[in-house]
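Undergrad: predicted model follows, preceded by the sequence.
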Amino acid sequence: MTAKVQKKMGLTAKILIGMVGGIFIGGLLRVLFPESELAQTYLVDGLFGVVGNIFVSSLKMLVVPLVFVSLVCGTASLSDPSKLGRLGGKTLILYLTTTAIAITLAITAANIVQPGDATMAAEGLAFDAKSAPPLSQVLVNIVPSNPIDAMAKGSMLQIIVFAIIFGIAIAQSGERGARIRNFFEDINEVVMKLVTILMSLAPYGVFALMAKLAMTLGLDTFASVIKYFLLVLVVLFVHGLVTYPLLLKLLSGLNPITFLKKMRSVQLFAFSTASSNATLPVTIETANYRLGVHNNISSFSLPLGATINMDGTAIMQGVATVFIAQVFAIDLTISDYVMVIVTATLASIGTAGVPGVGLIMLAMVLNQVGLPVEGIALILGVDRLLDMVRTAVNVTGDAAVTCIVAKSEKEFEPEVFNDPLAGAELMGDRK
């Protein structure tokens, strides 16, 4: 009797099925039960809301222990402090460079396409934006006064700084430090196994998130700002599929097609959660086992990228600034555009990798150039969907920069990167 080998469906396929199924079910329920209080109570706020929120919370649950433990392990393994400085400098410069490219691309495209319609009603708009912290406060807040409080609040930059200092101390503590490093490496293995366990639940969480979104947003929501929506979408795709692959090829010589193929699961995770932080466990595992990046590089650059590399958000801010200026018939000067580029690039340092925070930072950018913050109300209806796409762009940029830095530091395994099956079984992404 010939045994048939049953191929295991990969994680990417399962997530994709969950996304499509969620959109279909949510859209169908919206058509069958329009404005139904029962559907809102028991499905949107009930079943789909609860399952989706539990899924996102389970991923966020891993962020602080994963970032702290893996970053301590990575830093402690760097016996040469100058290497850490070189690594940090390369990573930071690349992140800020890609962000500046992103917003410049966005502003240029917006001025060519002219998405704003001055005849559009701009009255009666309101957006209650939380005050964005000044840059000086962002810099002060980088160093934690209480690292335990920083971990409890999930303040990523503070956690990163403390983990780096702690890891350096371990590296310089001789035999005692070696024992502590071994302890953290054991914990790191356990945390990675926890990531694998929780990823198996991802398709169900993605289904619930997409079903809720499909039931909440209607086509009429998109009608008034469809041109803005499409323009942001196009710029995001250009940046994600042209800018990053081009930089990857020029600066590391790696194959961009291979890179994008191996990033599919991460991009789908990011799209469904709209959170770089929630996606971070998957990004780190993909970088280590699918892309061939050594852990002492990925454990540093990826958490840092999830905190400061917000290219997708910068693109939204660039297009939205021009769009709102055109809607309110306000002319922006060259100096205004330069101010937008600088402000949005620096603002990305203080932007948390969670859904919707880009709107808060947009309020700061608009204030810098004297545009009415109320204009944000125009784009609220479509921002959630764009937030999902730009998060996928953000995590792609994080991984691309990580590969470039790892290759330059010779902390990279080309055979793993070039092997289509490397880490596939662990990631549940076999063909």
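TA: Received, thanks.
Undergrad: contacts, neighbours, all on C-alpha from now
TA: Noted.
Undergrad: quick check, Pro303 in contact with Leu280.
TA: Yes. If you go by Cα atoms under 8 Å, Pro303 and Leu280 touch, sitting 7.0 Å apart.
Undergrad: end to end, how far does stretch 236-244 reach?
TA: Stretch 236-244 has an end-to-end distance of 11 Å (Cα to Cα, to the nearest Å).
Undergrad: next, the buried residues of it.
TA: By neighbour count on 16 or more other Cα atoms under 10 Å, the buried set for stretch 236-244 is Leu236, Phe237, His239, Gly240, Leu241, Thr243, Tyr244.
Undergrad: of the residues you listed, closest to Ile170?
TA: Using Cα to Cα, Tyr244 is the member of those that lies nearest Ile170, at 35.1 Å.
Undergrad: check what pLDDT the closest one gets.
TA: On pLDDT, Tyr244 comes in at 95.
Undergrad: could you check the distance from it over to Leu302?
TA: From Tyr244 across to Leu302, the span is 15 Å (Cα to Cα).
Undergrad: cool, and Val140?
TA: Counting by Cα to Cα, the gap from Val140 to Leu302 is 22 Å.
Undergrad: what part of this structure, helix or strand, is modelled with the least confidence?
TA: helix 219-223 (a mean of 46; mean pLDDT, DSSP states H and E).
Undergrad: packing partners for whichever helix or strand comes after that one?
TA: Using DSSP states H and E, the next helix or strand after helix 219-223 towards the C-terminus is helix 226-238. Judged by 3 or more Cα pairs under 8 Å, 6 or more residues apart in numbering; DSSP states H and E, helix 226-238 is in contact with helix 81-113, helix 311-327, helix 380-408.
Undergrad: so which of these gets nearest Thr216?
TA: It is, among the helices and strands packed on helix 226-238 and with distance given as Cα to Cα, helix 380-408, at 10.3 Å.
Undergrad: helices or strands up against that closest one?
TA: In terms of contacts (3+ Cα pairs under 8 Å, 6+ apart), helix 380-408 is packed against helix 81-113, helix 219-223, helix 226-238, helix 244-252, helix 264-273, helix 276-289, helix 295-308, helix 311-327.
Undergrad: please name the nearest non-neighbouring residue to Gly18.
TA: Taking Cα to Cα, 6 or more residues apart in numbering as the measure, Gly18 lies nearest to Phe207, with 4.3 Å between them; neighbours along the chain are not counted.
Undergrad: tilt between the helix or strand hosting that neighbour and helix 380-408?
TA: Using DSSP H and E, Phe207 sits within helix 202-216. Interaxial angle, helix 202-216 versus helix 380-408 (axes from the mean of the first three to the mean of the last three Cα atoms, to 10 degrees): 150 degrees.
Undergrad: okay, buried residues for helix 202-216 please.
TA: For helix 202-216, by 16+ other Cα under 10 Å, it's 202-215.
Undergrad: one more: stretch 67-75?
TA: Val67, Phe68, Val69, Ser70, Leu71, Val72, Cys73, Gly74, Thr75.
Undergrad: give the rounded mean pLDDT of that stretch.
TA: The model assigns stretch 67-75 a mean pLDDT of 79.
Undergrad: and stretch 324-337, by the same measure?
TA: Averaging pLDDT along stretch 324-337 gives 82.
Undergrad: looking at the helices and strands packed on helix 380-408, which is nearest to Thr333?
TA: helix 311-327 (11.1 Å).
Undergrad: dump the C-alpha coordinates for that closest one into PDB.
TA: Taking Å, rounded to 0.1, in the frame of the first residue of the first chain, the C-alpha atoms of helix 311-327 are listed here in PDB:
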ATOM      1  CA  ASP A 311       8.600  54.700   7.200                       C
ATOM      2  CA  GLY A 312       5.000  53.800   6.500                       C
ATOM      3  CA  THR A 313       3.800  56.300   9.100                       C
ATOM      4  CA  ALA A 314       6.100  58.900   7.500                       C
ATOM      5  CA  ILE A 315       4.600  58.300   4.100                       C
ATOM      6  CA  MET A 316       1.100  58.800   5.500                       C
ATOM      7  CA  GLN A 317       2.200  62.000   7.300                       C
ATOM      8  CA  GLY A 318       3.700  63.400   4.100                       C
ATOM      9  CA  VAL A 319       0.700  62.700   1.900                       C
ATOM     10  CA  ALA A 320      -1.800  63.700   4.600                       C
ATOM     11  CA  THR A 321       0.000  67.000   5.200                       C
ATOM     12  CA  VAL A 322      -0.100  68.000   1.500                       C
ATOM     13  CA  PHE A 323      -3.700  66.700   1.200                       C
ATOM     14  CA  ILE A 324      -4.900  68.700   4.200                       C
ATOM     15  CA  ALA A 325      -3.100  71.800   3.000                       C
ATOM     16  CA  GLN A 326      -4.800  71.500  -0.400                       C
ATOM     17  CA  VAL A 327      -8.300  70.900   1.100                       C
END
